[in-house]
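Chemist: missing the sequence, but the structure's below:
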């Protein structure tokens, strides 16, 4: 994994701090990757690792943060990055996830929102303008 960002926070409400890393891997396609881990005092324990493409295109996850995005007293994971098609057209994106900490299926790891734009500025404007109303269904 080519790590791009690391954030720590209690994203599942268990009062233990998780460490979330994002980046990308190259295989037959470039895919975004993130990992959620906990620290037991001597080693990291991986709770969830995910490889993903945004809108079916080559993808790099470049940054993230953790916070109560929807205003519902829960911590969402906000990941940003870039994707591109075979014609070398690049797009910025923002995705929001929620994690409940389940280590066995079914995982409650839900992509709550995906926004695509030509630039990060446009992407963030669209994100803020949406008022994040889709989160109400996951309360």
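Modeler: Here it is on my side, so go on. Since this is a predicted model, take the numbers as computed values, not measurements.

Chemist: Which parts of this structure are strands?
Modeler: 2-9, 18-26, 30-39, 44-52, 58-67, 76-84, 90-99, 109-117 (DSSP state E).

Chemist: As TSV, those strands with mean neighbour count and mean pLDDT would be great.
Modeler: In short, each C-beta sits where N, CA and C put it, glycine included. Shown next, in TSV, are these (neighbours: other Cβ atoms under 10 Å; pLDDT from 0 to 100):
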stretch	mean neighbour count	mean pLDDT
strand 2-9	15	91
strand 18-26	19	93
strand 30-39	19	92
strand 44-52	14	89
strand 58-67	19	90
strand 76-84	21	86
strand 90-99	20	80
strand 109-117	16	50
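
Chemist: Dead centre of this protein: give me the residue that sits there.
Modeler: Centre of the chain computed as the mean C-alpha position; nearest residue by Cα atoms, centre = their mean is residue 79, 3.7 Å away.

Chemist: Enumerate every residue touching it.
Modeler: Contacts for residue 79 (Cβ atoms under 8 Å, 6 or more residues apart in numbering) come out as 22, 32, 34, 61, 63, 64, 94, 95, 96, 97.

Chemist: make it 7 Å
Modeler: 22, 34, 61, 64, 95 (Cβ atoms under 7 Å, 6 or more residues apart in numbering).

Chemist: Identify the residue nearest the second one in space, chain neighbours excluded?
Modeler: Nearest-residue entry for residue 34: residue 22, 4.4 Å, with adjacent residues in sequence omitted and distances by Cβ to Cβ, 6 or more residues apart in numbering.

Chemist: in the sheet, who's paired with that neighbour?
Modeler: On the basis of DSSP bridges, residue 22 is bridged to residue 5, residue 34.

Chemist: Any figure for the gap between it and residue 101?
Modeler: Note on residue 22: its distance to residue 101, by Cβ to Cβ, to the nearest Å, is 18 Å.

Chemist: count of neighbours near residue 87?
Modeler: 5 (other Cβ atoms under 10 Å).

Chemist: Check it and give its pLDDT.
Modeler: Residue 87 carries a pLDDT value of 77.

Chemist: burial of residue 42, as a residue count?
Modeler: Residue 42, neighbours per other Cβ under 10 Å, totals 5.

Chemist: okay, it: pLDDT?
Modeler: At residue 42, pLDDT is 93.
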